[in-house]
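Enquirer: Need coordinates for the below:
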Amino acid sequence: MMDGGGFPEEYAARLAAAGAGGRAGADRRLAAFFVELMPGAAAAFVFADPVAAAGAVLDLVEHASHVIFAGDPLAPTARYFETIRGRTSGLRFSRVDLSDPAALAPVLTDDSRLLWLESELPPAWRQPDIAALAAVAGPREVRLAVDNRAVGLDRFNPFTAGADLVIEAAPGGLAVVLTADRPELMFSRDRLRYFRDHGVGAAGEDAALAAFAALADWPARRAAAAAAAAGLVAALVDHPAVAGVDYPGQAGHPDHAAMAAAGRRSAATLTVTLSGGGPAATAVQARLAGAADLAAEVTYPAGALPQVPAPIRAELGLAEGALRVIAGAGPAEDLVAAFRAALADL
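Expert: As a prediction, the model looks like this:
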């Protein structure tokens, strides 16, 4: 029984049972635990890091296949796809803005085999219509892999929307690849099992055992981070230095009703757009970087590519003056105080 789409009510008991076996086989028990957390999953495989997990998913498709990618152009996964695997594996990559599901059909080709979709898409970091994209990809036999690490399984289960594979985050930087419970994915499960058994990017027993220890308070930390994000939104929405705050947890947000209808919960990620544009965003990010014990990750995506002209950054979904904030599990009042201090005199 899932608690409102979040963690199972019996989370603690299941975790204790899964982690009780000690080091031996800890990686497989961790994988089985994630299967229990995600209805619709048939199997799971734990990898040492997200890039190893992405490589394993790419190795499920044939040589010279076409892979469509929708997500953060600055993420390590995007760079891995375009600058490494695109040059070494014979795969052809197309990065496409799929915030509108109608954009998928025109880019599909006869050799399209995989759609890699992040569960939050730039520039607004909103969740795409996975069900609509699955309805287009499925009949063309294009596997749909959803990188759900930014949102998390307690906020949304992509299998309910038709995903074939889901990539989730686990403590310690581990990444878990889960496959849907469908017969046509048997080959994918067999190949992922081979990667696990032969150490191809797989996480070891020691890393899995450490992850079990960190999972004990995972629900509490996730809830605290979401509360901190909501508190920051409430404090900044009317701030004079802030042009806008994008957070689907707000009742008036364009995506709020759709998220609720799909059983999605608001995560700890929001976008804060400053009235002062790029210079203000650069200054605020620098001030927050110097804040002591800031329980949040604050990035200025457009500022990561200063050598790229602004119109091209806009095409990449990197809005000027927009800070991306991923709240941590610290008190909301501390996060609000740090932002107010950073926004002073702007």
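
Enquirer: per-domain residue ranges of this protein.
Expert: 11-217, 218-343 (automatic domain parsing).

Enquirer: Mind putting these into a markdown table with mean neighbour count?
Expert: C-beta coordinates here come from the backbone N, C-alpha and C atoms, glycine included. Converted to a markdown table, the domains of the chain look like this (neighbours: other C-beta atoms under 10 Å):
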| stretch | mean neighbour count |
| --- | --- |
| domain 11-217 | 19 |
| domain 218-343 | 18 |
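
Enquirer: Adding mean pLDDT, write these out as CSV.
Expert: Output for the domains of the chain, formatted as CSV (pLDDT from 0 to 100):
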stretch, mean pLDDT
domain 11-217, 92
domain 218-343, 87
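
Enquirer: Now the helix or strand hosting Ala341 - C-alpha only, CSV.
Expert: Here Ala341 sits within helix 332-343, counting by DSSP states H and E. Provided in CSV are the C-alpha atoms of helix 332-343 (Å, rounded to 0.1, in the frame of the first residue of the first chain):
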residue,chain,number,x,y,z
ALA,A,332,13.1,26.3,5.9
GLU,A,333,13.8,29.4,7.9
ASP,A,334,17.6,28.9,7.5
LEU,A,335,17.2,28.7,3.7
VAL,A,336,14.9,31.7,3.6
ALA,A,337,17.3,33.7,5.7
ALA,A,338,20.2,32.8,3.4
PHE,A,339,18.3,33.9,0.3
ARG,A,340,17.1,37.2,1.9
ALA,A,341,20.7,38.0,2.8
ALA,A,342,21.9,37.2,-0.7
LEU,A,343,19.2,39.3,-2.3
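
Enquirer: which residues make contact with that helix from outside it?
Expert: The contact list for helix 332-343 (C-beta atoms under 8 Å, 6 or more residues apart in numbering) reads 227-228, 230-232, 235-236, 239, 241-242, 274, 283-284, 287-288, 291, 293-296, 327-328.

Enquirer: Which residue ranges of the chain form helices?
Expert: Per DSSP state H, the chain carries helices over the ranges 11-19, 26-37, 50-58, 76-79, 86-88, 130-137, 186-197, 205-214, 218-236, 256-261, 277-289, 310-315, 332-343.

Enquirer: between the ones you listed, which one is nearest to Leu270?
Expert: Minimum separation from Leu270 across those (C-beta to C-beta) falls at helix 218-236, 5.6 Å.

Enquirer: elements contacting the closest one?
Expert: Applying 3 or more C-beta pairs under 8 Å, 6 or more residues apart in numbering; DSSP states H and E, one finds that helix 218-236 contacts strand 242-246, strand 269-274, strand 322-327, helix 332-343.

Enquirer: Go again with 6 Å.
Expert: When contacts are defined as 3 or more C-beta pairs under 6 Å, 6 or more residues apart in numbering; DSSP states H and E, helix 218-236 packs onto strand 242-246, strand 322-327, helix 332-343.
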